[in-house]
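*Asks:* Turn this into a structure:
(chains A and B)
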Amino acid sequence: MSNASHWRAPRLSLRFWPVFLRNLLVWRKLAIPSLVGNIAEPLMWLVAFGYGMGALVGQVTVHGEQVPYILFLASGSICMSAMQAASFEALYSAFSRMHVQKTWDGIMNAPVGLDDIVLAEMLWAAFKSLFTVTAILGVMLGLGISHSPKLLLSWPILLGVGITFSCMALVFNALAKGYDFFTYYFTLFLTPMMFLSGIFFPLEQLPAVVRTAADWLPLSNAVALVRPLFMDQWPTNVLQHATVLVVYAVVSFWVALSLTRRRFAK
Amino acid sequence: MASPPLLRVQHLHKRYGDAEVVKDLAFEIGLGECLGVIGPNGAGKTTTIRMCLGLTTPDGGSIEALGLQMPRDALAIKAQLGVVSQFDTLDPDFTCAENILVYGRYFGMKDAAIRARIPQLLEFASLTSKAGAKPGELSGGMKRRLSLARALVNDPRLLLLDEPTTGLDPQARHLMWERLQLLLQQGKSILLTTHFMDEAERLCSRLLVLDHGCKIAEGRPRDLIAQHLEPDVVEVYGNGALALVDSPLRSHASRVEVSGETVFFYTANAASLLSALGAHPQFRILHRPANLEDLFLKLTGRQIREDA
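*Replies:* Numbering: from 1, shown residues only, chains lettered A, B, ... in the order given. As a prediction, the model looks like this:
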């Protein structure tokens, strides 16, 4: 077996589109219930914590500026929602299609390569995450948490966040033998990251060593880009934060694709 | 063959670790031909099909299909193939019609062109009344026919069918055979793997017998039987039948096999054997012509394979 060939460069083409459309068509049938599930939970967290805890906490200091806790939490949790929606779709749902339903095997009997299928799944998970995030943003606007016109810019950034986390999740999808495996990813990786990315409390409260490590987490970089927009400010170090996200995305996608090729070569 | 073969496989090799699963395999499929590949589980049938689809990379040899090279031109080849794999890969969330529509898009077909074909494909599969049903509401035979209809969406010249009737009841199997014969009459070529010898005999113009990754026989079903077997088989079953193996009766048969409590006499002289057996009315006797199953068992043995 020539294992090196699994690591060859991705060969991507527009043939991914009908695969993306396939997922869209399934989702259209189940959109309403799935939307309720996707946005109800993050909104409950936001309302319960934001107003409940917010009453206790009052104001939080971000870059020397005082902001209401609900604004602080909303700007962080929107990134968390993007992460969770993308991860869930690229793990549980993609695994169902790949392993349980053998949908990918069927597609590969047609003139569509595995590289394009993985690309389609990645973009699909990112799209679903963007859809969820858009709905939550709408509710946040309705609640009057922020009215900054700069929020419009958070939209493409959150799409990028969705892409990064889809790519990362697909690595674990390629390695999974069953759904149980994903519990590790959520509990051991995503949940700690939520607490280390300044979503619920400012990172300044953490020890210096932990803060330095946290600076390299994809979620903390996403929050660093999105939170200032909620505060009607421009983010700083944009290039650095964006680069971190792009590197996570590109490296993860390549690894995910290579591991998926290995999985299907058997 | 006058026209060039649609599929030509030469010196094909594949190994997984230390196990050589396909060894120096060669075969061709001509226009309008149905080639059957038979062999016990683990003989290399599915691996060979996967290599023909570019899903598994061969360790040696060449595969040429429709004038193109596999795996280099995998997508261009698959654009002209129809494939039914061993396990259904139908989309459970889609209706029968949607399954065909979505599958046609993978071939780059326009929605209007696919929609125009759906009614005739559903009719071909005897699923017209089930156009709006989802696969979960279909019987096993209906699902297999939907898989076949889906594989025909791009009007392929060559079909690769991996055990298309495994798990079906006789009615469903006969309907599938009828449909496949119709496709052959339309001039399509078929590569078929199967465990059913009557299916192989009925549909295939030529057979390839694989065992342990090697081709051990190839030819037309009737020719293979004539070449490898005595014309008649007499099966004897009953208390004490096994003792016949060492009795003078044996001289009437050129070959004797035992499986469980049954003795199989392979003979060119059935009349004399049957009259000698007349002295043993306590046995149950079945006299029949030799068939493909006898050939299969002779070539690949009666023992159960580990992975069977």
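*Asks:* Which of the helices or strands spans B:His280?
*Replies:* For B:His280, there is no helix or strand it lies in under DSSP states H and E.
*Asks:* which residues touch it?
*Replies:* B:Leu244 (CB atoms under 8 Å, 6 or more residues apart in numbering or on different chains). Where C-beta positions appear, they are placed from N, C-alpha and C, glycine not excepted.
*Asks:* Within range of chain A, give me the residues from chain B.
*Replies:* B:16, B:53, B:55-57, B:74-76, B:78-79, B:81, B:83, B:85, B:87-94, B:98, B:102-103, B:105-108, B:151, B:154 (CB under 8 Å from any CB of the partner chain).
*Asks:* of all of the stretch 51-200 of chain B, which residue lies closest to chain A?
*Replies:* B:Thr89 (3.0 Å; CB to the nearest CB).
*Asks:* check contacts around that residue.
*Replies:* A:Gln101, A:Lys102, A:Thr103, A:Asp105, A:Gly106, A:Asn109, B:Ser147.
*Asks:* Next: A:Leu137.
*Replies:* Contacts of A:Leu137 by CB under 8 Å, 6+ apart are A:Ile78, A:Leu151, A:Ser154, A:Trp155.
*Asks:* and the gap between the first one and A:Phe189?
*Replies:* Plainly put, A:Ile78 is 20 Å away from A:Phe189 if you go by CB to CB, to the nearest Å.
*Asks:* more neighbours, the two?
*Replies:* A direct count of neighbours by other CB atoms under 10 Å in any protein chain shown for A:Ile78 and A:Phe189 places A:Ile78 higher, at 29 against 14.
*Asks:* can you tell me which residues contact A:Gln66?
*Replies:* A:Gln66 neighbours (CB under 8 Å, 6+ apart): A:Gln59, A:Val60.
*Asks:* In a strand, it, correct?
*Replies:* Yes: A:Gln66 sits within a strand when classified using DSSP: H, G, I helix; E, B strand; the rest coil.
*Asks:* and it, bridged to which residues?
*Replies:* Beta-bridge pairing for A:Gln66 (DSSP bridges): A:Thr61.
*Asks:* Now, of the contacts of A:Leu137, which are buried?
*Replies:* A:Ile78, A:Leu151, A:Ser154 (16 or more other CB atoms under 10 Å in any protein chain shown).
*Asks:* all helices for the stretch 201-308 of chain B, in order.
*Replies:* In the stretch 201-308 of chain B, the helices defined using DSSP state H, counting those that start in this stretch lie at B:221-228, B:270-277, B:292-300.
*Asks:* re earlier: how about the contacts of B:Thr89 in JSON lines, adding neighbour count?
*Replies:* Output for these, formatted as JSON lines (neighbours: other CB atoms under 10 Å in any protein chain shown):
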{"residue": "A:Gln101", "neighbour count": "17"}
{"residue": "A:Lys102", "neighbour count": "16"}
{"residue": "A:Thr103", "neighbour count": "24"}
{"residue": "A:Asp105", "neighbour count": "18"}
{"residue": "A:Gly106", "neighbour count": "26"}
{"residue": "A:Asn109", "neighbour count": "22"}
{"residue": "B:Ser147", "neighbour count": "25"}
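*Asks:* could I get those as TSV with distance to B:Val21, secondary structure and pLDDT?
*Replies:* Formatted as TSV, the contacts of B:Thr89 follow (distance: CB to CB, whole Å; DSSP: H, G, I helix; E, B strand; the rest coil; pLDDT from 0 to 100):
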residue	distance to B:Val21	secondary structure	pLDDT
A:Gln101	27	coil	94
A:Lys102	21	coil	95
A:Thr103	26	helix	96
A:Asp105	19	helix	96
A:Gly106	23	helix	96
A:Asn109	21	coil	96
B:Ser147	25	helix	97
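*Asks:* Cheers, nothing more for now.
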